[in-house]
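Participant: Sequence and computational prediction follow.
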Amino acid sequence: MAVAYATVSWDQLHRDARALAESLMARGPFKGIVAITRGGLIPAAIIARELDCRLIESVSVMTYDEEDRGEPTLLKAPSAAGDGEGFLIIDDLVDSGVTAKYVRKILPKAYFASLYAKPSGKPFTDSFVLEVSQETWILFPWDTAPLFVPPIARKTLTS
Ligand SMILES: O=P(O)(O)OC[C@H]1O[C@H](OP(=O)(O)OP(=O)(O)O)[C@H](O)[C@@H]1O
Ligand SMILES: Nc1nc2[nH]cnc2c(=O)[nH]1
Ligand SMILES: [Mg+2]
C-alpha cells in the first residue's frame, strides 16, 4: 500500500529520460525501441529522439483492473521486435515487476530500461535512473494538473 507520493514534473521526467538515454548509449546502437503502453510511450519518444532511433514498436499489457491486480493480459504484441534481439524495451517504472517480467518473456533478447524502479521490480530491469521506496506512489505529469492552493493565512482563518 502506497503511503507517500512522489510528484514528477514534465521537466524532471524529460531530464530523467535524457539521463537514461545517455547511459544507454554504451548499450546500443539499438535496432528499435519497444514502448510498454501507456506509461512507456512518452519516455520512449524522448529516448528515441536522443538515440536517433526511428523504429518504434509498442506492447500493451494490462495487469491492473479497477483496483486489484489481475493476471497480465496481452492486448497488443510487439510483432516487429521478434524475440527482442537488438531492441530496447522502455517503461516508465517497474513496481512489483509483473509487467516487466511478462514483457521480458515475450522479448527475451531485448534490453529493458525504465526511468524509475521500486525494490521489488529492480531485478526485472537492466537499467533505471532513480529508485524509490516500495511505499511511494509516483505521480507522473500526465496524471496530475496544477491546482489552486489557498494562502496559508486564509487556510488558518477558515479552518
Ligand atoms: O511493475 P508493475 O507492478 O507491473 O507496475 C509497473 C507498471 O504499472 C504501470 O502501468 P499500468 O499497468 O498502470 O498501465 P499504464 O502504463 O497504461 O498506465 C507502469 O506504467 C508500469 O508499466
Ligand atoms: N502512476 C503510477 N502507476 C503505477 N503503477 C504501478 N506503480 C505505480 C506508481 O507508483 N505510479
Ligand atoms: Mg505501464
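Facilitator: Yep, it's here. Numbering: from 1, shown residues only. Ligands and ions are numbered 1, 2, ... in the order given.
Participant: all contacts plus neighbour counts: C-alpha atoms, from now on.
Facilitator: OK.
Participant: near ligand 1, which residues of this structure?
Facilitator: Proximity of the chain to ligand 1 is confined to 37-39, 62-64, 91-99, 121 under the rule Cα under 6 Å from any ligand atom.
Participant: Tell me who's in contact with the most centrally placed residue in the chain.
Facilitator: Centroid check for the chain by Cα atoms, centre = their mean gives D92 as the closest residue, at 0.9 Å. Neighbouring residues of D92 by Cα atoms under 8 Å, 6 or more residues apart in numbering: G39, G40, P43, S114, L115, Y116.
Participant: Can you tell me the closest non-neighbouring residue to the third one?
Facilitator: Closest residue in space to P43, ignoring its immediate chain neighbours: A17 at 5.8 Å, by Cα to Cα, 6 or more residues apart in numbering.
Participant: chain center to stretch 122-130, what's the gap?
Facilitator: Going by Cα atoms, centre = their mean, to the nearest Å, the spacing between the C-alpha centre of stretch 122-130 and its chain's C-alpha centre is 10 Å.
Participant: Now look at it and say if it contacts ligand 2.
Facilitator: No - Stretch 122-130 lies apart from ligand 2 when judged by Cα under 6 Å from any ligand atom; the minimum separation is 12.5 Å.
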